[in-house]
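> Mind looking at a prediction? Sequence and model below.
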Amino acid sequence: MSRAKGDIAESKACEYLLENGYQVIERNFYSRFGEIDIIAFKEDVLHFVEVKSALEYELAVQNITPSKMGKLLKTGDVYLKKNGVKLPYMYDAIIVTPESIEMIENITF
């Protein structure tokens, strides 16, 4: 996916989060391990959000690989330590297709 398409999907995901009561804290947080697309906050829980887009839902979900999850977990740890965060947190995904936007909370392998 091109950076421009990724930016569009991330913007749609941010709109979705805001419309659903989340506060977007940061976009595109980088560490040496990888990137977290969106960091958001709702109801005393910090959400690390991976955004995936494709023409079909299944294709987008398949792009959340064990390798990608490992990078997300390490990058999330960096964010928590760097910012001294002591809140509960979870890793989520937002799947963006031409027809829909869907959030999958608490993704794990």
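Alright, I've got the coordinates. Numbering: from 1, shown residues only.

> what's the helix or strand of the chain with the lowest mean pLDDT in contact with?
Using mean pLDDT, DSSP states H and E, helix 3-19 stands out as the lowest-scoring helix or strand of the chain, at a mean of 90. Here helix 3-19 makes contact (C-beta atoms under 8 Å, 6 or more residues apart in numbering) with 1, 24, 27-28, 37-38, 40, 49, 51-53, 94, 96, 101, 103. C-beta: built from backbone N, CA, C; applies to glycine.

> which ones among those residues are found in strands?
Assignment to strands by DSSP state E places the following of the contacts of helix 3-19 there: 24, 27-28, 37-38, 40, 49, 51-53, 94, 96, 101, 103.

> Show me how to select, in PyMOL, the buried members of the residues you listed.
To isolate the buried subset of these in PyMOL, counting by 16 or more other C-beta atoms under 10 Å, use the following:
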select buried, resi 24+27+37+38+40+49+51+52+53+94+96+101
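
> Now do the nearest residue to Val78 once chain neighbours are set aside, the pLDDT please.
Setting aside the residues directly before and after it, Val78 is nearest to Ser31 in space (C-beta to C-beta, 6 or more residues apart in numbering), at 4.0 Å. pLDDT for Ser31: 96.
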